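Student: have a look at this fold, sequence not included:
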C-alpha cells in the first residue's frame, strides 16, 4: 500500500468518501488553476484560429507558391511568361504539390451608371481550383467555361457589388488601358463572394483568362504565371525548394526568367504581423502560469499550516520529511487535478463554440475576420496540460520544503 497516498486521500476526503468542504483559500487555489488553464487554452485556440483564417484567405487569393516573370511589377500589369504543358506536368508530379493552375491579371475600371471603381481582373482557366471561392460564395455560382468561346461571366465580391449596385446576372462594363488605348469588355455577374478580407475583396474580380490574353495579344501558352497549391502548409519551404529544382535559374523561350515566390514572400508584412502575435500569447501564458503558481503555493501553505499538529505528530512517530512531503504533494495534486478538469472543460467548450458559431463579432475591415475564430488542436491541448502538470510539480517543491523546518515538539503544541 502507498501510505502517503492513503493518508492524502483521508485528508482530502472524509470517511464516508464525501468531499470535505474546503476553506476559501483552497477554493481560490483550485479556481486559480482552472482560470489560468482556461485562459491559456482559449488564447492558443484564438491565436491558431486567427492565423489559420488569415493565412487561408491569403492562400485562397494567391495560392501557396507563384511562378511569374522576374520583370513583372507590383501593379498587376504583368509581363507574360511562357509555360509548356510538359513543365506544368512536371510541377504537378512533385510530391507535395496537389494542384497547378495558370492565371493572368489586368487592372481595369468598372463602370455602372455614374459609379466607377478600379480593380483587377484575375483571369483563370477551366482548371482553376474554386474551393476557396465556393466556400465564400454568397450568391450565384462559379464561372462556367467552354472550350470554344470566351466566357463573359465573372465572380465579383459583395463589396464591389454593393459599391456599383450590381446584382446576379446583371451586365457591366470593364475598361482596360492597353498600350495607351482604352478597350472595353461587357461582363456579367455569375457569382458574388465575400471573404471578409477587405483589401482583396475590393480589389479582385475573377473571369475567363482568355479576356486578358486577347486584350494583351499574348501567344498561346503565355500567362502572368502559375499558382501551385501544396498539401501541407508546414512543408511550404521544402515544397518551394522542390519547385526550384524544376524552374530555378531557367528562362522561357522568349528569354524571360522564372521568378519563384511563396505566399510568405508575396505578403511578408502580414506574415510578420502574424508571427508577432506569438509574442502576445507567450506573455499571456507566462502571466497565467505565474497566477496559477502563486495560488498553488498559497493554497498549499495554508494546508500545511492547518495540519501543523499532524506534521509534528507524524515526525514524532518516525515519519521522514520526504514521506510527509509526498502526503501534501498528493493532496495538492487532488486540488490541481480538479482545477485542471474545470479549466479544460470550460476552455475546450469556449474554443468549440468560437470555432462553430460566430459568438463574438469583429469588424472585418480591421481584423480580416468577421468573428473571433478558434482552432485548438489535440497537440496544443496536450502540450498545455503536460506543461501545466510539470510546472505545478516544480512549484510544489517550494512550499513542501517548509515541512523540514517544522519541529515536532513545537508543532504538537501549535494551536
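Tutor: Sure, I can see it. No experiment lies behind these values; they were computed from the predicted model shown. Numbers count the residues shown, from 1 in each chain.
Student: make it CA atoms for all contacts and neighbour counts henceforth
Tutor: OK.
Student: tell me, how many residues neighbour residue 84?
Tutor: 13 (other C-alpha atoms under 10 Å).
Student: one more: residue 27?
Tutor: Neighbours of residue 27 (other C-alpha under 10 Å): 15.
Student: how much space between it and residue 293?
Tutor: 14 Å (C-alpha to C-alpha, to the nearest Å).
Student: now residue 119
Tutor: 54 Å.
Student: and the nearest residue to residue 109 once chain neighbours are set aside, what element?
Tutor: Closest residue to residue 109 apart from its sequence neighbours, by C-alpha to C-alpha, 6 or more residues apart in numbering: residue 118 at 4.4 Å. Per DSSP states H and E, residue 118 falls inside strand 115-124.
Student: strand partners (parallel or antiparallel) of that strand?
Tutor: Strand 115-124 pairs in its sheet with strand 97-112 (antiparallel), strand 204-208 (parallel), by DSSP bridges.
Student: just how off-centre is it within its chain?
Tutor: The chain centre lies 29 Å from the centre of strand 115-124; the measure is C-alpha atoms, centre = their mean, to the nearest Å.
Student: got it, and stretch 169-188?
Tutor: For stretch 169-188, the distance to the chain centre is 38 Å (C-alpha atoms, centre = their mean).
Student: buried ones in that stretch, by neighbour count?
Tutor: Applying a neighbour-count criterion of 16 or more other C-alpha atoms under 10 Å, one finds 171, 172, 173, 174, 175, 176, 187, 188 buried in stretch 169-188.
Student: list phi and psi for the first one.
Tutor: Phi and psi for residue 171, reported as degrees, to the nearest 10, are phi -100, psi 150.
Student: that one reaches residue 187, doesn't it?
Tutor: Yes. Residue 171 is within contact range of residue 187, at 5.6 Å (criterion: C-alpha atoms under 8 Å).
Student: and the helices in the stretch 151-300 of the chain?
Tutor: Here the stretch 151-300 of the chain has its helices, by DSSP state H, counting those that start in this stretch, at 158-164, 198-201, 209-216, 236-247, 263-266, 268-306.
Student: now do the end-to-end distance for stretch 135-155.
Tutor: One end of stretch 135-155 to the other measures 13 Å (C-alpha to C-alpha).
Student: average model confidence for that stretch?
Tutor: Across stretch 135-155, pLDDT averages out at 90.
Student: off-centre distance for that stretch?
Tutor: 30 Å.
Student: ok, residues contacting it?
Tutor: Stretch 135-155 is contacted by residues 125-126, 130, 134, 158, 168, 186-195, 205-208, 210-211 when judged by C-alpha atoms under 8 Å, 6 or more residues apart in numbering.
Student: ok, 7 Å please
Tutor: Residues outside stretch 135-155 that contact it (C-alpha atoms under 7 Å, 6 or more residues apart in numbering): 126, 168, 187-195, 205-208, 210.
Student: ok, so of these, who is nearest residue 370?
Tutor: Closest to residue 370 out of the contacts of stretch 135-155 is residue 195 (9.2 Å), distances taken as C-alpha to C-alpha.
Student: who's in contact with that closest one?
Tutor: Applying C-alpha under 7 Å, 6+ apart, the residues contacting residue 195 are 136, 201.
Student: gap between it and residue 170?
Tutor: Relative to residue 170, and taking C-alpha to C-alpha, residue 195 is found at 21 Å.
Student: what's the answer for residue 331, then?
Tutor: Taken as C-alpha to C-alpha, the span from residue 331 to residue 170 is 72 Å.
Student: again with residue 274
Tutor: In terms of C-alpha to C-alpha, residue 274 sits 39 Å off from residue 170.
Student: just residue 36 next, same as before
Tutor: 54 Å.
Student: and residue 146, by the same measure?
Tutor: With C-alpha to C-alpha as the criterion, residue 146 and residue 170 are 20 Å apart.
Student: just the pLDDT for residue 272.
Tutor: Listed pLDDT for residue 272 reads 88.
Student: and it, how far is that from residue 265?
Tutor: 10 Å.
Student: name the spans of this structure whose pLDDT lies under the cut-off.
Tutor: Within the chain, the stretches with pLDDT under 70 are 1, 3-5, 8-23, 25, 71-75, 305-309, 311-312, 315-316, 321, 399-415.
Student: SS state for residue 38?
Tutor: Three-state assignment for residue 38 (DSSP: H, G, I helix; E, B strand; the rest coil): helix.
Student: surely it meets residue 344?
Tutor: Yes. Taking contacts as C-alpha atoms under 7 Å, residue 38 lies within contact range of residue 344: 6.2 Å.
Student: these two: which has the busier surroundings?
Tutor: residue 38 (25 against 22).
Student: contacting residues for the more buried one?
Tutor: By C-alpha under 7 Å, 6+ apart, the neighbours of residue 38 are 343, 344, 346, 347.
Student: related to what we said a few turns ago, and which of the contacts of stretch 135-155 is nearest residue 216?
Tutor: Nearest to residue 216 among the contacts of stretch 135-155 is residue 210, at 9.9 Å by C-alpha to C-alpha.
Student: just list the residues touching that closest one, thanks.
Tutor: Going by C-alpha under 7 Å, 6+ apart, the list of residues near residue 210 reads residue 150.
Student: list the buried residues of stretch 200-219.
Tutor: Buried positions in stretch 200-219, judged by neighbour count with 16+ other C-alpha under 10 Å: 200-213, 216, 218.
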